[in-house]
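Peer 1: Starting from these lines, generate the structure:
(one chain, ligands or ions: 2)
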Amino acid sequence: MPTVVKKSEIRKSYLLDKYVIITPGRALRPRDINEHTIIERTAKCPFCPENINPAAEKIVDEIKDRHGWQVLCMKNIYPAVTLDNDRAYGTQEVIVETRSHSKELANLEEGQIEKVLRLYARRTEVLSANEKINYILCFKNQGSKAGASIVHAHSQIFATDIIPPEVHEELGLAQSYRIKHKICPYCDIIKQEMKSERKIYEDDFTAAFAPYASEYHYEVWIFIKRHVDNITRLNADEFASFAHALKKILLKLHALGMSFNYFLHQVVPDRDQHFYLKIQPRDSIWAGVELGSGLVINSVPPEAAAKYYRE
Ligand SMILES: [Zn+2]
Ligand SMILES: [Zn+2]
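Peer 2: Ligands and ions are numbered 1, 2, ... in the order given. Predicted coordinates for the structure are as follows:
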């Protein structure tokens, strides 16, 4: 029986001590939303093939076929952290997801999305060989509200020696859970959510759901079902399945016209975590309650969001 949220309820995150107030509401319909990403062709887009010199030293990696590069990785030219600075140590790279200036990731063919994921994996492998790097964040900002400044489809990699406090806390809580319950918390959560109304997608390899205490409207977590700790461990079936699920979900988000961020959850020194991708759409505006109390109000219950994605 569907349990529709009729009264507001406070929900706690699976592991972290974070709380969300889920208020009764319904999924927004595409026509209710009017944020548009404006695609303009600028003469000097730095990610268009004609403006990239393939021999330039800022190119660090690529996946190519006989037509040239298909996915490209370059050094970020304005990095906040660098490998020659011990006071802000790390490296930043940009992944150009397609040669086409005007296609969003959601509109690329699954095979092309898979290539993007494979380049995340390859960069993760290369960067984690550096013993000083402890944390590698592969992420994407799409749309103006998500902080994207260039329309040409791209994602970024931020690698540093510091494990962010919230990630560190989550690793500790996951470890305590494993000791107590003899199972990885996320393996457990996936099983439960695949039986819940928050389920969005499932096949043999991938599971996606709207998290119980979603902080953002239409938030989605996509997991590889097998207990693998980072993207470099995915096999061919898992890459293909993950690309399929990601495309399906991004197309639904695209129909809502929402800006979004996504992040891969992976920490280099912890081999016993569970890899996943978090999509956080940037539709809700955090105001007094959120900024003052840290409590988040979400008026699109995850059950309603999941229903929208499943339809
Ligand atoms: Zn371009
Ligand atoms: Zn697991």
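
Peer 1: Let me see the ranges of the strands in the stretch 101-250 of the chain.
Peer 2: If DSSP state E, counting those that start in this stretch is used as the criterion, the strands of the stretch 101-250 of the chain fall at 135-142, 154-160, 199-202, 206-209, 220-224.

Peer 1: Give me the residues contacting the third one.
Peer 2: Counting by Cβ atoms under 8 Å, 6 or more residues apart in numbering, strand 199-202 makes contact with 193-194, 207-210, 220, 222, 245, 248-249, 306, 309-310, all of which sit outside it. The way it works is simple: take the backbone N, C-alpha and C, and place the C-beta from them, glycine included.

Peer 1: now that strand, how far from the centre of its chain.
Peer 2: Relative to the chain's own centre, strand 199-202 is displaced by 16 Å; criterion: Cα atoms, centre = their mean, to the nearest Å.

Peer 1: strands paired with that strand, and their directions?
Peer 2: Sheet partners assigned to strand 199-202 using DSSP bridges are listed as strand 206-209 (antiparallel).

Peer 1: next SSE after the top helix by length along the chain?
Peer 2: With secondary structure taken from DSSP state H, the chain has its longest helix at helix 236-256. With elements assigned by DSSP states H and E, the helix or strand that comes after helix 236-256 is strand 260-265.

Peer 1: average model confidence for that following strand?
Peer 2: The average pLDDT for strand 260-265 rounds to 93.

Peer 1: Whether it contacts ligand 2 - can you check?
Peer 2: No - judged by Cβ under 5 Å from the ion, strand 260-265 makes no contact with ligand 2; its nearest approach is 11.5 Å.

Peer 1: again with stretch 216-225
Peer 2: No - no part of stretch 216-225 sits near ligand 2 under the criterion Cβ under 5 Å from the ion; the closest distance found is 8.2 Å.

Peer 1: which residues touch that stretch?
Peer 2: Residues from elsewhere that reach stretch 216-225 (Cβ under 8 Å, 6+ apart): 28, 186, 190, 200-201, 204-211, 234, 238, 242, 245-246, 249, 253, 256, 258, 274-284, 298-300, 302, 305, 308-309.
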